[in-house]
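> Predicted model, plus sequence, below.
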Amino acid sequence: MKKKLTYTQKLFSEFCAIMFLLIAFSCINRGKDFKDIFGQKYLEAEEYLDNNKWIKDSIAKCGVDPHLAISVVFPELIRYSAVKDLVETRGLEVLYTQYGSEYADFSIGRFQMKPSFANRLENDWNLLLNNLPLNCNIKPFELSDNPEARIQRLMRLKDEKWQVKYLAMFLKIINLKHKIDLNNISFLASAYNSGYWNDSIAIIEKGKRNFFYTGLIKSNEVYNYSEISEYYYKKNCRK
């Protein structure tokens, strides 16, 4: 009886800690005008979405709220640069293909997804597939850790349609992994940016820190990833 009580108290303490952090998370000053701060880069991200309405349609077909999904990756759309993408990834692809993400793990594509992130999603997708709704036509993945499997993963990551599928997978998987209010855009954005495989408290803590910048080199001006996602969601998505 004493052990059960101790375990219950532990669960209650963890629940209280998560709730406290969520409240604190939601009270962070969100008065910045990111559209003004990022200027042309912000407008180009909006224009990309306006010109690619298939993205939201594809996400919706997977049974995922497209407004939440797009808001989660909107900071990555601001940061994305095709030239930067080529410069950063071309030389690293060979390293990753031969030796894996421990030797080369780098951001790819509009949504700036890393091979290690995609690999985790694929593993979780296979594990949780029986518990996921069947309205998203994504088959189980081949999870062999060899050069051929890594080449296939890179090919998927460089395909915009597959990046959209990975984004939908992320939203579906996190719904099973974290039992909190998943309309909390700040939490979702932090989980995407800092690692959805971490526990809820770690995700919330990391979400309060400023790491986001848009240049090739980190500058003194860094911003909060979750704040940007929430800003976009409130301006464009919330009814």
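Everything's here; your move. Numbering: from 1, shown residues only.
> And the residue nearest to residue 183 when sequence neighbours are not counted, how close does it get to residue 86?
Spatial nearest neighbour of residue 183, chain neighbours left out: residue 68 (7.2 Å); criterion: CB to CB, 6 or more residues apart in numbering. Glycine gets a C-beta too; all of them are placed from N, C-alpha and C. The gap separating residue 68 from residue 86 is 30 Å, by CB to CB, to the nearest Å.
> Comparing these two, which residue is more hemmed in?
Shown here are residue 68 and residue 86; by other CB atoms under 10 Å, residue 68 has more neighbours (19 against 9).
> That one belongs to a strand?
No: in this structure, residue 68 is helix, not part of a strand, as judged by DSSP: H, G, I helix; E, B strand; the rest coil.
> and the spatially closest residue to residue 224 that is not a sequence neighbour, how many neighbours does it have?
Closest residue to residue 224 apart from its sequence neighbours, by CB to CB, 6+ apart: residue 210 at 5.0 Å. Neighbour count of residue 210, defined by other CB under 10 Å: 12.
> Surely residue 210 and residue 220 touch.
No: using CB atoms under 8 Å as the test, residue 210 is too far from residue 220 to be in contact (10.8 Å).
> Pull the contacting residues for the residue most central in space within the chain.
For the chain, the residue sitting closest to the mean C-alpha position, by CA atoms, centre = their mean, is residue 192 at 2.5 Å. The contact partners of residue 192, taken as CB atoms under 8 Å, 6 or more residues apart in numbering, are 72-73, 170.
> Now do the contacts for the residue nearest to residue 224.
If a contact means CB under 8 Å, 6+ apart, then residue 210 has 222-224 as its contacts.
> what about it, which SS state?
coil.
> So for it, what's the pLDDT?
Here, the pLDDT recorded for residue 210 equals 92.
> what do you get for the one 4 residues further on?
Predicted confidence (pLDDT) for residue 214: 84.
> in terms of contact, does it touch residue 38 like I think?
Yes: with contact defined as CB under 8 Å, residue 214 and residue 38 form a contacting pair (6.8 Å).
> show me the contacts for residue 152.
Per CB under 8 Å, 6+ apart, neighbours of residue 152: residue 142.
> Check the gap between it and residue 142 for me.
Distance, residue 152 to residue 142, by CB to CB: 7 Å.
> For residue 137, give its distance to residue 67.
22 Å.
> Looking at the two, which one has more neighbours?
Shown here are residue 137 and residue 67; by other CB under 10 Å, residue 67 has more neighbours (18 against 8).
> pretty sure the more buried one contacts residue 237?
Yes: contact criterion CB under 8 Å: residue 67 and residue 237 qualify, at 3.5 Å.
> Okay, now the unreliable bits of the chain?
Per-residue confidence for the chain (pLDDT under 70) gives these ranges: 1-30, 82-83, 87, 133-135, 180-182, 216, 238-239.
> Can you show me the helices along it?
Secondary structure of the chain (DSSP state H): helices at 2-26, 34-38, 40-51, 54-61, 66-79, 82-99, 115-128, 147-157, 160-177, 185-194, 200-207, 225-236.
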